[in-house]
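Trainee: based on what follows, work out the 3D shape:
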Amino acid sequence: MRLAILPPAALAGVVRYFHIEHSSPGPVIVPSTPCPMIGFYIAGGTRFAAPDGSERRCSQPMVSGALTRPTPAVWEPGTTFISAMVEAGQFARLLDIPLPELRDTLLPLDELAPQLGAAGLQERLQRMSGSMQWVAAVSDWLLQLLGRREGARLPFSLPASALALPTEAIAGHCGLSVRTLERRYLASYGQTIRDSRRMARYVKALGRLMLLPPRHGLLTRLAMDCGYHDQAHMVRDFVHFTGMPPGVLMEGAAADAAGKLRLLRYEGESRLVVTRED
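Mentor: Okay, the predicted model is just below:
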């Protein structure tokens, strides 16, 4: 079972939602996302391939940046965890860790910031029962991080609609040179403006695919609505971000609720939380 739960009001705009996975073992593909993640294991752990090709295991509090490619992993029997999906551009309000270094990687949080007490929080979570208790405990911890960073310089952020503008126009509106804009954007978002534009189209199209029933002409219409030049353009992006064309992706997710594509399946209110648009 998986849930997506909105954060309390005090974290709105910083945390997009909490993802909770209950006893979900086996191979899984973690889809690409612009949202950094901060996660805690209630039980079990994850095995995944490191950038150097070796296999690693993680059962400690972990953190990752934007995932720009599909990430295969194996969840051990009984694996249960809670992850805070951080809004793109807001990571620096919580943690003083260079976000570009976390792109496409999963790292133990205590090794990067041992002073935050993430391991102690995970131990407390393991003594609790129930999703809402986990959400409340992680929310309190995140609010403490916000308080610690209150005096720090706010991260550079842009409204999502600004990505529709040329980079030169964004720089002009911000009163920055293009080079300064790109440097600040990379530091706050962990990827370039160009890459963010590409991912924003994909995320919008994927969210709508998760909501809409299959029908003739759907992909062509989605491509037009989500800013693609044509359907072939959208297909190329989906292959890049998910490893397969959109139609094949959603057919696979619909066919097997416990399969590798199960992270594209949410039910009821959780599906609305995950797929909502800015």
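
Trainee: and the helices in the stretch 151-278 of the chain?
Mentor: Listed in chain order, the helices found in the stretch 151-278 of the chain under DSSP state H, counting those that start in this stretch are 167-174, 178-189, 193-211, 218-225, 231-242, 246-255, 268-275.

Trainee: for residue 48, which of the ones you listed is the nearest?
Mentor: Across the helices of the stretch 151-278 of the chain, the minimum distance to residue 48, taken as CB to CB, is reached by helix 231-242, at 16.8 Å. Heads up, the C-betas are built off the backbone N, CA and C, glycines and all.

Trainee: hang on, the earlier thing: looking at the helices of the stretch 151-278 of the chain, spot the one closest to residue 122.
Mentor: Distances from residue 122 to each of the helices of the stretch 151-278 of the chain were compared using CB to CB; the shortest belongs to helix 268-275, at 23.0 Å.

Trainee: now the closest one, how far from the centre of its chain.
Mentor: Distance of helix 268-275 from its chain centroid, counting by CA atoms, centre = their mean, to the nearest Å, is 14 Å.

Trainee: ok, stretch 160-174 next?
Mentor: For stretch 160-174, the distance between its averaged C-alpha position and the chain's averaged C-alpha position is 23 Å (CA atoms, centre = their mean).

Trainee: go on, stretch 153-171?
Mentor: Distance, stretch centre to chain centre, for stretch 153-171: 20 Å (CA atoms, centre = their mean).

Trainee: output the helices of the stretch 151-278 of the chain in CSV; the columns should cover mean neighbour count.
Mentor: Formatted as CSV, these follow (neighbours: other CB atoms under 10 Å):
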stretch, mean neighbour count
helix 167-174, 15
helix 178-189, 17
helix 193-211, 19
helix 218-225, 16
helix 231-242, 18
helix 246-255, 17
helix 268-275, 16
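
Trainee: those helices: lowest mean pLDDT?
Mentor: Among the helices of the stretch 151-278 of the chain, helix 246-255 carries the lowest mean pLDDT, a mean of 79.

Trainee: excluding its backbone neighbours, what's nearest the residue nearest the centre of the chain?
Mentor: The chain has residue 35 as the residue nearest its centroid, 3.3 Å off, counting by CA atoms, centre = their mean. Residue nearest to residue 35 in three dimensions, not counting chain neighbours: residue 85, with 4.4 Å by CB to CB, 6 or more residues apart in numbering.
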